[in-house]
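Peer 1: Here is the input, now give the coordinates:
(2 chains)
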Amino acid sequence: MKTSEEMSKSVMEKVRAYEVHKAAVRKRVTAVSVTAAALAVCIFTGAAVTGNLRLGAAKSADNAVREEYDIEYGGGVDYEADATESIEHAGEYSASDSKTNSKDANGAGIGNDTAFCSHVFGYHAIDGWLLDYADKIEPESSQRFIELFGKTEDCNRRFFMDYYGIPKEKYWEIYDKNFITENPDCYDKELYNPDIWFSDDYYKNPLFVQEGKTAPEENSVIIRPKGDTIHTDRYFTICESLIDFVGEEEFNEFRDKYGGTADFNILKFIDEFGISKEDFKKCTETQLLATYGIYNTDYVYGTPEMQKEYFEKHIITK
Amino acid sequence: MENGADAYRRFLEGDEKGLEEIITEYKDGLILYLNGYVSNLDLAEELAEDTFVRLFTKKPKNKGGASFKTWLYTIGRNIALDALRKMKRRHEEPLETHYDLADEENLEENYLREERKIAVHRAMNNLRAEYREVLWLTYFEGLSNKETAEILKKKVHAVEATLSRARAALKKELEKEGFIYENE
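Peer 2: Predicted coordinates for the structure are as follows:
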């Protein structure tokens, strides 16, 4: 065991090393921003879309960094205390993105693009093909997807396809296989392989897991009733922290009562246990859940129309 | 202003002595508290050090109105839970206890001092983790149920319910050891 003196010395050394690292990162930020801007211009030809996505990315990075502070410091933190911090985190992540995904140029990271995200940039890249597809179903549909899921782990290609009801068979109707094959410098063939995206554990694929970070563990209870093709998994997911909140025994009773039926869903769970929005937010803001980004409370506690919008998949209508 | 908060303020103003004071005052209690989660004193010590490093590198401000100790323990708890999750993902076993038991005994003697408290602390090792954490925070750290609820991110009534079950379990453990349990 270290004495207080020894620990103070060790902590102080780490603090000094951090300050040196921080100064180095600060220098790197400018270069990274320029790279990111150039990448965005390459990706999207539509200036309006680019602008919106860039804004989404910046916002989500900032929000996620804030969440990280909350998680680490148990809330009540002065986020504005060190405004450069969020820039630095975003910068660090972008730097590692460009390293791990140099080939995956076709996409804008509108997802969980922060230092603590478990997945690589390409995983969260919703590309022009998909956005275009969504907008053909309904004008501005892609923008709504970004608003709903932009800062969550759900912002990934598979979830996007599930959300819009795109089956594996339709995949190559959306993507131009020849174009991808003919441009290997721009498109990583593996990242566009539908077999990978449509596997059950796609999110654990080493291709998507960020260097030095492991894939997120599953820590939620999903009981989807047979035959339901309308709702997202999220609708039928009761997270570990919510179970902790109400108590395991109480949860078991709930599960025994409703498991396997349409009533085993998050809205019923909230109603049954009278969970306030504030408590729900606290429960779902733990580190892992923030990484997953399972719930957007504005919608969960929104009007019935908003809840429908959030929990129902958009089935192809055309 | 409590000592910890004052020392932290001084550290933020550039006084490195503040860092030393915080570590001296809170190190032992924090290690014992985190040991309740990870059941490995060496790991608990590392996590306590990580907690201090986070505090002194990120320099967050405690705006939630909680006491410095409550706030520090909240940070420590989150770090410990995070470490446990990482271990779980890597299928590592956090429960191996290869450390020197004398270290734990010294720590107990330094921090808890009274024999009665040491006996209670040892009996707590046989309890569920959630019981250990509420008992530690309320009994050894003297935190109120509200403060404990803040750290554990639970409602006060949930803490009260857990505490009541924890006391009952502790009573059984102590009786097994031949102690007479005194209710509050």
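
Peer 1: In this structure B:A44 contacts B:L34, no?
Peer 2: Yes. Contact status for B:A44 versus B:L34: in contact at 4.1 Å, counting by Cβ atoms under 8 Å. The way it works is simple: take the backbone N, C-alpha and C, and place the C-beta from them, glycine included.

Peer 1: May I ask which helix or strand of the chain has the lowest mean pLDDT?
Peer 2: Let's take chain A. The helix or strand of chain A with the poorest confidence is helix A:84-100; it has a mean of 29 (mean pLDDT, DSSP states H and E).

Peer 1: um, chain B though
Peer 2: Looking across every helix and strand in chain B, the one with the weakest confidence, judged by mean pLDDT, DSSP H and E, is helix B:101-111, at a mean of 73.

Peer 1: Give me the contacts around that one.
Peer 2: Helix B:101-111 is contacted by residues A:1, B:28-29, B:31-32, B:35, B:41, B:118, B:121-122 when judged by Cβ atoms under 8 Å, 6 or more residues apart in numbering or on different chains.

Peer 1: before we move on, back to that, shared neighbours of B:A44 and B:L34, anything?
Peer 2: Where contact means Cβ under 8 Å, 6+ apart, the residues bridging B:A44 and B:L34 through contact with each are B:A80.

Peer 1: Residue ranges in the stretch 151-300 of chain A under the pLDDT threshold?
Peer 2: In the prediction, the stretch 151-300 of chain A carries residues with pLDDT under 70 at positions A:151, A:211-220, A:286-293.

Peer 1: residue closest to the middle of chain B?
Peer 2: Closest to where the C-alpha atoms of chain B average out (Cα atoms, centre = their mean) is B:Y33, at 2.1 Å.

Peer 1: pLDDT (mean, whole number) over the helix or strand harbouring that residue?
Peer 2: Under DSSP states H and E, the secondary-structure element containing B:Y33 is helix B:17-38. Taken as a whole, helix B:17-38 has a mean pLDDT of 90.

Peer 1: For chain B, just list every one of the helices.
Peer 2: B:3-12, B:17-38, B:41-58, B:68-89, B:101-111, B:115-124, B:129-135, B:145-152, B:156-176 (DSSP state H).

Peer 1: any idea which of these scores lowest on pLDDT?
Peer 2: The stretch with the lowest average pLDDT out of the helices of chain B is helix B:101-111, scoring a mean of 73.

Peer 1: quick one: buried residues of that one?
Peer 2: Buried residues in helix B:101-111, counted by 16 or more other Cβ atoms under 10 Å in any protein chain shown: B:104, B:107-108, B:111.

Peer 1: Next, count neighbours for residue 9.
Peer 2: The chain I'm using is chain A. If you count neighbours by other Cβ atoms under 10 Å in any protein chain shown, A:K9 ends up with 14.

Peer 1: wrong chain, I was asking about chain B
Peer 2: Considering only other Cβ under 10 Å, B:R9 is surrounded by 14 other residues.

Peer 1: B:A80 now?
Peer 2: Neighbour count of B:A80, defined by other Cβ under 10 Å: 25.

Peer 1: Would you check that it makes contact with B:Y37?
Peer 2: Yes. In terms of Cβ under 8 Å, B:A80 counts as a neighbour of B:Y37; the distance is 4.3 Å.

Peer 1: okay, and the common contacts of these two?
Peer 2: B:A44.

Peer 1: Restricting to C-alpha, output stretch B:7-17 in CSV.
Peer 2: Written as CSV, here are the backbone C-alpha positions of stretch B:7-17 (Å, rounded to 0.1, in the frame of the first residue of the first chain):
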residue,chain,number,x,y,z
ALA,B,7,-8.2,22.3,-0.2
TYR,B,8,-9.6,21.7,-3.6
ARG,B,9,-10.3,25.4,-4.1
ARG,B,10,-6.7,26.1,-3.2
PHE,B,11,-5.5,23.4,-5.7
LEU,B,12,-7.5,25.0,-8.4
GLU,B,13,-5.8,28.3,-7.6
GLY,B,14,-2.4,26.7,-8.0
ASP,B,15,-1.5,25.5,-4.6
GLU,B,16,-0.3,21.9,-4.9
LYS,B,17,-0.5,21.4,-1.2
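
Peer 1: thinking again about what came up before, the residue nearest to the centre of chain B - nearest residue in space that isn't next to it in sequence?
Peer 2: Closest residue to B:Y33 apart from its sequence neighbours, by Cβ to Cβ, 6 or more residues apart in numbering or on different chains: B:W136 at 5.5 Å.

Peer 1: Return the distance of the one you found relative to B:L30.
Peer 2: 11 Å (Cβ to Cβ, to the nearest Å).
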